[in-house]
Structures are given as structure tokens and as C-alpha cells.
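A.B. asks: okay, predicted coordinates and the sequence, questions at the end:
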Amino acid sequence: QVTRNDHAVGRFSWTSDLRILFASGDGNLSVLNSDRSARTLLTPNDHAIGNPSACGDGRYIVSSTYREPKAGIWRMDADGSNPIRIADETVATSPQCSPDGKWVIYVQVPSLTLMRVTITGEKPPEAITQTPAAWMLDVLAFSPEGKRIAYVAAPETPVFNPSSPSGSQPNQLKVIAFDGGTLMHHFDWPVSAWRPRWAPQGEAIEYVLTQNGVSNIWQQRLTGGPPKQVTHFDSGEIFDFEWSRDGKQLALTRGSESSDVILMSNFR
């Protein structure tokens with residue numbers, strides 16, 4: 001276990017020097033060595049940062065940040081300094097920096113269009129695909145070489161929960177070309193599968209599948225065939241996972257969710 005129980009961890013990303021960049025529950029970014037040493041708070045006064053992604057060249061961090069009225073996709077130096085907005089979007093999610101550190105991809109909301117913008121932000125963002133999904137599920141994922149993008153989409157808008165579509169058409173995992181958006185692979189996808197991530201060598205897509213309240217990581221090879229189970233946990237849920245850039249370490253956030261009903265009365 002890398003973080004303590006009192007450190008709420010949201011999305012995270014491996015840095016080029018094999019540290020773990022993560023968003024905490026209070027909307028700030030921290031970076032931590034994988035051996036639990038030397039935790040550094042990068043944004044002590046922000047409280048509005050989510051979905052961090054470390055660029056592969058080690059220079060920058062990108063995130064979806066909501067600094068009213070300047071929401072959008074932001075870039076900062078690897079030490080948290082010099083924040084600059086590179087995409088002016090009212091709502092934008094799932095930013096991912098390319099392995100070479102030159103591009104950022106994200107989902108434009110509410111159009112659910114896959115977009116890309118240069119890391120400098122000097123040119124306007126452009127659409128990667130011209131046909132948006134009815135519902136975009138979860139995060140985008142850059143392939144290790146930076147030429148492909150994987151994501152999960154639903155052909156119909158879910159009524160209640162994005163992970164539980166009510167329609168008859170299945171969700172689909174799609175792999176498209178970064179340049180041009182050409183569809184390269186697609187698979188029907190389990191309703192309860194989410195968090196698509198690339199396997200270290202780029203030959204497969206891995207994902208979280210939760211069954212009977214227990215999450216494990218599974219793998220689907222792009223050449224086809226049945227999915228393969230990667231982890232074998234017998235309790236707990238997985239909320240996020242990612243392989244280190246050298247493909248030797250797998251980090252994941254695990255825990256449990258609980259809820260209760262509270263009755264409140266005597267309002268005035």
C-alpha cells in the first residue's frame with residue numbers, strides 16, 4: 001500500500017521518472033515515490049484540479065481544471081508551477097498527454113466529441129472524430145507509442161447510470177488512429193467493464209470488471225479471442241489502475257463504497 005487510508009486518491013498517472021501523480025479528494029495534486037517516500041504537494045492552494053495526466057517527456061502535467069470563469073484543459077510544469085490554460089472549454093474531461101509530450105486529447109462536453117490540442121495551446125483544438133458517441137464512458141487512453149486511442153462508448157444514452165445502459169445495444173470498445181480518427185478495432189464490451197488502459201506492449205486493452213461487488217483487471221487482445229483475467233482479488237473494488245511507463249509496475253486504487261439513508265426533518 002502506497003498511500004495512507006486518510007489520503008483520498010482520485011485519478012492518478014505514472015510520471016516519466018516512475019513516480020505516481022495523483023489528485024487528492026480536496027482537488028489538489030501530489031506526487032509520490034512508488035516506495036511511499038517523498039510525497040510532494042504540487043498545488044497547495046488550488047482545490048479545483050481533476051483527472052491529471054503526466055506527459056511522457058517529463059516536462060508537463062495536464063488536467064481538467066475548473067477555475068471559474070476559466071474552466072478547461074490546463075497545463076503546468078512538472079513541479080506544479082506556471083499553470084496555463086491550453087483549451088478553453090466550459091466542460092472538458094479525461095485529458096491525456098501523449099507519450100512524446102506534444103499533444104493532449106480530451107472529451108468535449110456536452111457534444112461528447114474527441115478533441116486534441118497541442119501542448120503549447122497555440123492553435124485551436126480540433127476534433128479527432130467527426131461523429132460523437134451517444135454516450136462516452138470513462139477515460140481515453142493513449143497507446144504506448146502514441147499513435148492509437150482507446151475508449152468505451154455506448155450507442156444509446158443511458159437513463160440512470162453511465163455504466164449501466166438501459167438499451168439493447170451493447171457498449172463498444174473502440175480503438176482509433178490518433179491522426180484522422182480511423183476506426184482500427186472494435187469489440188462489444190461488458191456493461192460492468194470500465195477504465196480501459198493499454199497493456200505495456202500495446203498489444204491488448206486491459207480494463208476493470210466488477211462482478212458481485214469484487215473488481216479485477218481483465219485483458220482483451222486486439223487480435224481477438226476470449227478475455228484473460230489479470231488479477232485475482234476476492235474482495236474490494238478497483239477504481240483506477242495504470243502500468244508504469246517501463247511496464248514493470250502496476251499501480252491501482254482499491255477500496256469499498258458504502259451508502260446509507262439519512263432522514264432529515266424540522267426544516268425551517
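C.D. replies: Okay, I see it. This is a predicted model, so every value here is computed, not measured. Residues are numbered from 1 along each chain as shown.
A.B. asks: measure Arg197 to Ile205 for me?
C.D. replies: According to C-beta to C-beta, to the nearest Å, Arg197 and Ile205 sit 7 Å apart. Quick note: C-beta positions are derived from backbone N, CA and C, even for glycine.
A.B. asks: which one of the two has more residues nearby?
C.D. replies: In this view Arg197 and Ile205 are compared by other C-beta atoms under 10 Å, and Ile205 has more residues nearby, 26 against 20.
A.B. asks: pLDDT at that one, what is it?
C.D. replies: Listed pLDDT for Ile205 reads 97.
A.B. asks: cool, Thr3 as well?
C.D. replies: Looking at Thr3, its pLDDT stands at 57.
A.B. asks: what do you get for Thr157?
C.D. replies: pLDDT at Thr157 comes out at 57.
A.B. asks: beta partners for Asn171?
C.D. replies: Here Asn171 sits in beta bridges with Trp189, going by DSSP bridges.
A.B. asks: isn't it up against His186?
C.D. replies: No: contact criterion C-beta atoms under 8 Å: Asn171 and His186 do not qualify, at 10.6 Å.
A.B. asks: between these two, who's got more neighbours?
C.D. replies: Between Asn171 and His186, counted using other C-beta under 10 Å, Asn171 has the larger neighbour count: 27 against 12.
A.B. asks: shaky segments in this protein?
C.D. replies: Scanning the chain with the threshold set as pLDDT under 70 gives 1-10, 46-47, 67-70, 131-138, 156-169, 256-261, 263-268.
A.B. asks: please parse it into its domains.
C.D. replies: Domain assignment for the chain by automatic domain parsing gives 1-130, 133-256.
A.B. asks: CSV for these, including distance to Ile262?
C.D. replies: Shown next, in CSV, are these (distance: least, C-beta to C-beta, whole Å):
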stretch, distance to Ile262
domain 1-130, 20
domain 133-256, 19
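A.B. asks: run through the helices of the stretch 1-150 of the chain in chain order.
C.D. replies: Taking DSSP state H, counting those that start in this stretch to define them, one finds no helices in the stretch 1-150 of the chain.
A.B. asks: show me what contacts the closest residue to Pro170 other than its chain neighbours?
C.D. replies: Spatially, and ignoring its direct neighbours in sequence, Pro170 is nearest to Asp188 (4.3 Å; C-beta to C-beta, 6 or more residues apart in numbering). When contacts are counted by C-beta atoms under 8 Å, 6 or more residues apart in numbering, Asp188 touches 170-172.
A.B. asks: ok, the residue lying closest to Gly72 once chain neighbours are set aside to Ile73 distance?
C.D. replies: Spatial nearest neighbour of Gly72, chain neighbours left out: Glu89 (4.4 Å); criterion: C-beta to C-beta, 6+ apart. Separation of Glu89 from Ile73 (C-beta to C-beta): 7 Å.
A.B. asks: higher neighbour count, the two?
C.D. replies: Between Glu89 and Ile73, Ile73 has the larger neighbour count (other C-beta under 10 Å), namely 27 against 18.
A.B. asks: name the nearest residue to that one, sequence neighbours excluded.
C.D. replies: Ala87 (3.8 Å).
A.B. asks: burial of that neighbour, as a residue count?
C.D. replies: By other C-beta under 10 Å, 23 other residues sit near Ala87.
A.B. asks: do you know how far it is from Tyr66?
C.D. replies: Distance, Ala87 to Tyr66, using C-beta to C-beta: 13 Å.
A.B. asks: please apply the same query to Ala54.
C.D. replies: The spacing between Ala54 and Tyr66, counted by C-beta to C-beta, is 20 Å.
A.B. asks: so between the two, which is more surrounded?
C.D. replies: Under the criterion of other C-beta under 10 Å, the comparison of Ala54 against Tyr66 puts Ala54 first, with 24 against 17.
A.B. asks: kind regards, and thank you for your time.
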